[in-house]
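1. Sequence unavailable; structure follows:
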């Protein structure tokens, strides 16, 4: 686990048991943008039943399985944001902005034919999670989030049902023990 001061693009936020807000309970958030203005990320483990092709027709075929919209967070749920994986780090297509390594944000206004073949995966999110300057630091300090290293595969996992548990389980030391902690300690 890293400290709140180690928050950076590509890291993950894992909701702790103390975070009971239904928007974030048991979520895994991939941080995409971190600067002096604030932090922006997307919830990786909240797929919706809506196929991407229904709302962004040309992008449906480019999406990683499952080809559905994911609920990226409570901010701007009517907007769409895409996370993509480059096929080749040396061949960056138009409309792609690197976040970390081969992982980045894709401009959905880019014509599909300009990125076809250049991407190893795309996932589209309705909305995002955002924090103002110092807001996330406060939530980390109060124990709402674990800040951990992300892996590229986390962003494109086909079945996200156990993503929170699996990411927590792979953490070193005592942090992994929190996997067995019940959501409601009263029921233990």
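-> Ah, there it is. From a predicted model like this one, the values you see are computed outputs, not experimental measurements.

2. Tell me the helices and strands packed up against the longest strand seen in the chain.
-> If you go by DSSP state E, the chain has its longest strand at strand 119-132. Applying 3 or more CB pairs under 8 Å, 6 or more residues apart in numbering; DSSP states H and E, one finds that strand 119-132 contacts strand 38-43, strand 68-71, strand 75-86. C-betas here are computed from N, CA, C, even on glycine.

3. Tell me the helix or strand right after the last one.
-> Beyond strand 75-86 on the C-terminal side, the first helix or strand identified by DSSP states H and E is strand 96-100.

4. tell me the average confidence for that next one?
-> The average of the pLDDT scores along strand 96-100 is 97.

5. Nearest residue to residue 99 in space, please, no chain neighbours.
-> residue 9 (4.7 Å; CB to CB, 6 or more residues apart in numbering).

6. again with residue 36
-> Counting by CB to CB, 6+ apart, the residue nearest residue 36 is residue 133, at 6.1 Å.

7. One more: residue 6?
-> residue 147 is the one closest to residue 6 (CB to CB, 6+ apart), at 6.2 Å.

8. what's the neighbour count on that neighbour?
-> 19 (other CB atoms under 10 Å).

9. what helix or strand is it on?
-> Residue 147 belongs to strand 145-148, assigned by DSSP H and E.
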